[in-house]
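J.: what follows is a predicted structure for the sequence shown.
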Amino acid sequence: MKTNFALIALAFATTPLLIMSGTDWFWAKLSETYPFLTTFFLPSVPIGIFLPLFFCVLAYFLRHRYQIWRGFWQHSLTAFGAALLLSTILKGITNRVYRYPFQDLSVADFSGDFRFGYLTGDSIWTSLTEGYPSGHTITAAAMCLAWLPHLDRPYQRWTAVLYPIYIGIGMSFTEHWLSDVITSAFLAIALVRFLQHRNSAR
């Protein structure tokens, strides 16, 4: 549990560091200066939404046919659901100002603009779906960590690892700040560690 607390502390500590150092703004401006980065990573937006749902449904229907899928679907669904719930709650509280693909970022650094409170964003929908942390990244990373114990072949494990890396980098160049993504990665590790500890204690 101490490791989990350290991961959570690290997750939230990186945000002010990246904001105050100007790293968040610098990273965002890269996507404006080099729009091909946004174009290349833009598929991460729909992939990050639909691929987790697809795998959960696929694993459910294949759980009786193939042994690998038996624990797959439960762990996938649990990791996805817990990660999505956590990110939604945090978004509703932090209400960080969002950025959009191909957005003109102008000259004013707004990477540190948070509207703390509950559902204080532009609307209830945007408060719960946009902002800090990255829901795409935290669900992708959580599902990857949930999959790894069930994957034996190297290509399977590499594919599972590359998936959240692509999603995370993609989010940082399209819809999120870099700190959103890094925070999400640390939170996903802590979350899956907690879920695995809970399962082993049963």
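T.: That came in fine, so what should we check first? Numbering: from 1, shown residues only.
J.: every contact and neighbour count from this point should use C-alpha atoms.
T.: Will do.
J.: list the contacts of stretch 4-22.
T.: 24-25, 111-112, 178-180, 182-187, 189-191, 193-194 (CA atoms under 8 Å, 6 or more residues apart in numbering).
J.: at 7 Å what do you get?
T.: Around stretch 4-22, the neighbours that count as contacts under CA atoms under 7 Å, 6 or more residues apart in numbering are 24, 111-112, 179, 182-183, 186-187, 190.
J.: for the most centrally placed residue in the chain, which non-adjacent residue is closest in space?
T.: Residue closest to the mean C-alpha point of the chain, counted by CA atoms, centre = their mean, is Thr137 at 1.7 Å. Closest residue in space to Thr137, ignoring its immediate chain neighbours: Gly168 at 5.1 Å, by CA to CA, 6 or more residues apart in numbering.
J.: in this structure that neighbour contacts Thr139, no?
T.: No. Assessed by CA atoms under 7 Å, Gly168 is found out of contact with Thr139, at 10.2 Å.
J.: does anything pack onto the least confident helix or strand in the chain by mean pLDDT? Which helices or strands?
T.: Least confident element among the helices and strands of the chain, by mean pLDDT, DSSP states H and E: helix 124-129 (a mean of 80). Helix 124-129 is packed against helix 68-94, with contacts defined by 3 or more CA pairs under 7 Å, 6 or more residues apart in numbering; DSSP states H and E.
J.: lovely, talk soon.
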